[in-house]
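> Here is a sequence with its predicted model. Questions after.
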Amino acid sequence: MKEINLLKEIVNRTNGFGCTTFALKDDNQIVFGRNFDFMIDYGHIVVNKRNVSKTALVPPSEKQLKWTSKVGSITFNQAGREFPYGGINESGLVIEQLWFDCTQYPKSDSRYGISVLQWIQYQLDVSENINDVIKSDLTVRIIDDSGAALHFFLTDKNGDSACIEFIESEMKVTKGKTLNVSVLTNNAYSKSIEHLDNPKKEESNQNIFTGSSLQRFEQAAKLVNQYSQANSLDIIEYSFKILDKVKQPNFTQWSIVYDISNLEIHFKTKSNSKVLKIQMKSLDFSSATPCMILDLATSKNSVNFEKYSIDKNFDLINQVFDSLDMLKDIPKEMRAYSANYPNTTTFNDEKEKSR
């Protein structure tokens, strides 16, 4: 069956979306901040379970990757369950994607192929740290026709951060001593660092979401470097200060701070400025219980997870597409294809009776 990639349709018709990410740490905590810049803030926060067997949704020409989730995760999704924009797993690994025009994914080869958003879920399912993600490049590659030109910023429980980009069809990793500052926006990391030393104007051909990329990188880098434990704000409050400083009026939809050390997620949305908190330790990631979701459109004052269903998944996808004039004409059959994908996954716990 022909693969249907909803993100590809979103990107082709909206010309991408921008973001800002950074990592910050002190003697007690490691945190990761992220602004998601787009036109709508609808979405689901999904509790992804351990011990679930999955098969990559790829064209018939690709070798189908099969895996079983080793750890649970929390993800932020607009294109439906199993196709997240980013998240954190129980091991304390955070992965977030950002638009990057210069992306060139690998050409077809002997490795297993996987689409770009499912690659994020795969890494959160099986990886404990950044090195695990990097090693996976030996056997797994993002398929060339994923549609979305993205690069990635990662931080793990060890306090290590990395930028992963695909340039000239190969994975390029910037980490350790070569990661001068733990920030990433929508330009190549190397170009952003050059901008700090030699500030210049943004390129005129940037779209409305990514047009302030170098400016946001410079501002976030300055604030990250200025952080100290002597600051009157705690590290979570300071992280939201950074996100507020680099937000794009009318376009910043989600502001998220992952507290990696304590496995907590703090977040707010454009339509709900109240910061809410999720404590991962209070959630059940066992496959013996149903998958749970939190609807960002209805959870205004408290965190109320509800049981996942295909209907809720389909409703989210329809809500996203029907809210954007350039996406309204995408057929229901195309949307349903991705919405129904979670039904192909298998819970391995014998006590599990429902998804």
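That came in fine, so what should we check first? Numbering: from 1, shown residues only.
> quick one, phi/psi of Ile310?
Torsion angles at Ile310 (phi, psi; degrees, to the nearest 10) stand at phi -60, psi -40.
> How many neighbouring residues does it have?
16 (other CB atoms under 10 Å). C-beta here means a position set from N, CA and C on the backbone, and glycine is covered the same way.
> isn't it right up against Tyr341?
No. Ile310 is not in contact with Tyr341 according to CB atoms under 8 Å; the separation is 9.6 Å.
> wait, what's in contact with the closest residue to Ile114 other than its chain neighbours?
Leaving aside its chain neighbours, Ile114 sits nearest to Ala56 (4.4 Å; criterion: CB to CB, 6 or more residues apart in numbering). Counting by CB atoms under 8 Å, 6 or more residues apart in numbering, Ala56 makes contact with 62, 64-66, 112-115, 118, 122.
> So Ala56 versus Ser73, what's the distance?
Remark: distance between Ala56 and Ser73 (CB to CB, to the nearest Å) = 17 Å.
> same question, Gln104
28 Å.
> who's more crowded, these two?
Ser73 (26 against 13).
> could you say what helices and strands the helix or strand harbouring Thr174 packs with?
With elements taken from DSSP states H and E, the one containing Thr174 is strand 170-175. If you count contacts as 3 or more CB pairs under 8 Å, 6 or more residues apart in numbering; DSSP states H and E, strand 170-175 packs onto helix 130-135, strand 161-167.
> For stretch 153-160, could you pull out the residues that count as buried?
153-157, 160 (16 or more other CB atoms under 10 Å).
> what about it, distance to the chain center?
Distance, stretch centre to chain centre, for stretch 153-160: 14 Å (CA atoms, centre = their mean, to the nearest Å).
> next one: stretch 19-34
Stretch 19-34 has its C-alpha centroid displaced from the chain centroid by 15 Å (CA atoms, centre = their mean).
> So which bits of that stretch are buried?
Those would be 19-25, 29-34, for stretch 19-34 by 16+ other CB under 10 Å.
> and the two most separated of these?
The span of the buried residues of stretch 19-34, defined through CB to CB, is set by Cys19 and Gln29 at 22.3 Å.
> Could I get the phi/psi values of Tyr341?
phi -50, psi -40.
> wait, doesn't it sit right on Asn77?
No. With contacts counted by CB under 8 Å, Tyr341 stays clear of Asn77, the gap being 11.9 Å.
> more neighbours, the two?
Using other CB under 10 Å as the criterion, Tyr341 and Asn77 rank with Asn77 on top: 25 against 20.
> Report the contact partners of that one.
Asn77 sits next to 43-46, 83-85, 316 when contact means CB under 8 Å, 6+ apart.
> ditto for Glu218
Residues near Glu218 by CB under 8 Å, 6+ apart: 195-196, 199.
> Just give me the residue closest to the centre of this structure.
Gly86 (1.7 Å; CA atoms, centre = their mean).
> And the residue lying closest to that residue once chain neighbours are set aside, what's its pLDDT?
Nearest-residue entry for Gly86: Glu96, 3.6 Å, with adjacent residues in sequence omitted and distances by CB to CB, 6+ apart. Looking at Glu96, its pLDDT stands at 98.
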